[in-house]
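>>> give me the fold of what follows.
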Amino acid sequence: MKRIIYALIGFFTIGILFYAASTYSEEKKSDPLLPVHKEFQPGIILTFDDNYVEDWYNAEKRLHHLGWKATFFICKYDSLTAKQKKKLHYLQDMGHDIAAHGYNHENALKYSAKYGIEKYINDEILPLKAAMGKDGFNLRSFAYPDGARNAELDKELLKYFDIIRGTTYGKLYPDSQFCYYEGNRVIYGLGIDDDYKQFDVAYYKTLMDYAKKHNKIVIFYGHKTVEVADEKIETPLAALEELCKYAIANNLKFYTVDDLKNL
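Model prediction:
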């Protein structure tokens with residue numbers, strides 16, 4: 001009798017463990033915030049924030065022959081002139097991705113803490129999608145202003161976007177960095193503006209080397225793309241060009257953020 005009881009307990013325990021494992025597996029598949037850790041064709045994602053359309057247009061003219069691709073996260077769209085909007089369309093026509101960065105560039109954490117997430121979405125997300133959608137821009141990804149985010153915001157904003165980008169900082173060892181695409185819908189970029197403490201083209205190359213070796217996609221972000229970087233939030237064009245050439249020399253594919261949803 002005892003043997004029968006022990007056998008039943010064993011079967012029952014195994015059943016519970018199997019159910020728990022299968023349930024976690026299904027949750028992991030459906031939850032965009034859980035780590036996935038996939039391997040991809042090694043590559044690089046270059047992203048730029050705000051509304052420096054003239055600078056980005058100049059960068060495209062300089063780097064077009066390299067076949068580079070970038071994602072431009074736009075804020076304060078209504079402040080752009082008709083000529084600037086035309087240049088933004090030109091960037092899209094050249095294969096770059098046009099994405100969202102907030103209607104008025106409000107800090108999502110501070111704004112939602114004060115007024116609620118629903119009001120943040122109504123004031124910062126929906127008006128931008130409507131204004132830019134009317135002009136032919138289908139915004140499928142979003143970058144947080146100031147990189148300010150939390151899991152609650154992620155969950156709500158992922159109802160409106162395929163991919164969301166936050167930010168990460170510091171000159172960490174390549175295997176400790178967070179700026180790689182891991183198959184999740186929330187990604188993190190590392191800054192390449194020259195006023196960031198980690199600004200170092202040689203260091204960025206070590207991250208690219210790591211991405212190549214481990215079949216990852218490394219993600220960078222900047223703001224203004226300029227010939228001479230003498231102010232805050234500026235990425236030197238020479239540094240950007242060097243990174244693009246290094247990507248080509250090492251067979252790293254140029255991805256846009258929108259490409260990720262198809263991987």
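>>> list the contacts for residue 259?
residue 97 (CB atoms under 8 Å, 6 or more residues apart in numbering). Bear in mind the C-beta positions are built from the backbone N, C-alpha and C, glycine included.
>>> that's a helix at it, yeah?
Yes - counting by DSSP: H, G, I helix; E, B strand; the rest coil, residue 259 falls inside a helix.
>>> show the pLDDT at it.
The model reports residue 259 with a pLDDT of 98.
>>> do you know how far it is from residue 96?
Using CB to CB, to the nearest Å, residue 259 is found at 11 Å from residue 96.
>>> what does residue 242 give?
Taking CB to CB, one finds residue 242 at 19 Å from residue 96.
>>> can you check residue 62 too?
From residue 62 to residue 96 the distance is 14 Å (CB to CB).
>>> what does residue 199 give?
Counting by CB to CB, the gap from residue 199 to residue 96 is 23 Å.
>>> neighbour count: the two, which is higher?
Neighbour count, other CB atoms under 10 Å: between residue 199 and residue 96, residue 96 has more, with 23 against 18.
>>> OK, contacts around the more buried one?
60, 69, 70, 71, 72, 256.
>>> at 6 Å instead, please
Residues counted as contacts of residue 96 (CB atoms under 6 Å, 6 or more residues apart in numbering) are residue 70.
>>> please apply the same query to the one 10 residues further on.
For residue 106, the contacting residues are residue 124, by CB under 6 Å, 6+ apart.
>>> same check, this time on residue 42
211, 212, 215, 252.
>>> at 8 Å what do you get?
Applying CB under 8 Å, 6+ apart to residue 42 gives the contacts 211, 212, 213, 214, 215, 216, 217, 250, 251, 252, 253.
>>> ok, residue 160 next?
So residue 160 contacts 121, 125, 129, 142 (CB under 8 Å, 6+ apart).
>>> test for you: state the pLDDT assigned to the first one.
The score at residue 121 is 98. That number is its pLDDT.
>>> so what's the residue count around it?
18.
>>> Three-state assignment for it, please.
Residue 121 ends up helix, using three-state DSSP.
>>> in the protein, mark out all the helices, start to finish.
2-30, 53-63, 82-93, 108-115, 117-120, 126-134, 151-157, 201-213, 237-249 (DSSP state H).
>>> looking at those, which has the lowest confidence?
helix 2-30 (a mean of 38).
>>> might one say that residue 85 is in contact with residue 135?
Yes - counting by CB atoms under 8 Å, residue 85 touches residue 135, with 6.3 Å between them.
>>> name the residue in those two with the higher neighbour count.
residue 85 (16 against 12).
>>> tell me the contacts of that one?
Contacts of residue 85 by CB under 8 Å, 6+ apart are 53, 135.
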